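>>> Test case, fold it:
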Amino acid sequence: MSSVLNNDQLHAKDINNDVDNSVTRVKLYELLQEREQCWWQTRQNLINLKERQMFWYGENSLMMWLMWQLVSYVLVAMTLMLLSRFLDLSLPLWQYVGLFVIQTAIFVVILMSKGRLGNKLQQKIDNDELLREQTLNEMAILAEDCLYPDVHAKSPISLEQMYEALDGRFHLASLQCLLQKEVDAGRLILTQTQVEAEILPLELADDELKEHAREMVYKSTL
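The predicted structure follows:
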């Protein structure tokens, strides 16, 4: 009789342990999802900053600054013409000239501050890159107890299958970055049939990854 009770108790204990492990894994996935959202927001901010840097401070930035200054001249001239037409506002010639001289002086001051403004933007980019890397490392720590074991258990598994298994709660780019850490550590092997390793900036791509996610298959070496 006691033997039967002991077996029942052991069975109940195993069930409780399984339930506890399941609850813990769910909580870990929730924490991972929170950090992933932070990582994604930082990624988006970083992309916007780099686009702004390329536009205003890239190789052809001087031409862009001159072009926008020319556009500002046209806008001011059109505004003055509309005011003159609809409000019967008429200014003497010297005031028109003075207005454009002031506008040019402001542009020259801003242009002279281009280097300082560019340095401030670069500092923001550096801070966001550091934050993104820190967040990715935090994600990898959480993934060690939830995501990575699932990937190894289901190996071989494609990036698309992993995305679908997680009900689309994570972006493809996030999953790729996390799995790449396991590849770099030698615990996963990425097999690519038609996709070259450097065909896409994978750490920045997401929509583009959808075209290749099925072909990116991860195999466990454990």
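
>>> The residue positioned nearest the centre of the chain: which element?
Centrality entry for the chain: nearest residue to the mean C-alpha point is R43, 2.2 Å, by Cα atoms, centre = their mean. Secondary structure from DSSP states H and E places R43 in helix 2-57.

>>> Identify the residue nearest R25 in space, chain neighbours excluded?
Excluding the flanking residues, the one nearest R25 by Cβ to Cβ, 6 or more residues apart in numbering is C146, at 5.1 Å. (Glycine included, C-beta is placed from N, CA and C.)

>>> try T104
Nearest to T104 is Q69, by Cβ to Cβ, 6+ apart, at 8.0 Å.

>>> coming back round to it: the residue nearest to the centre of the chain reaches A173, doesn't it?
Yes. Between R43 and A173 there is a contact under Cβ atoms under 8 Å: 7.4 Å.

>>> would you list every one of the helices in the chain?
For the chain, the helices defined by DSSP state H cover 2-57, 61-86, 93-112, 114-143, 147-154, 159-165, 172-184.

>>> per-residue confidence averaged over the fourth one?
Okay, so that is helix 114-143. Averaging pLDDT along helix 114-143 gives 90.

>>> buried ones in it?
For helix 114-143, the neighbour count (16 or more other Cβ atoms under 10 Å) marks L121, I125, D128, L131, R132, T135, L136, E138, M139, A140, L142, A143 as buried.
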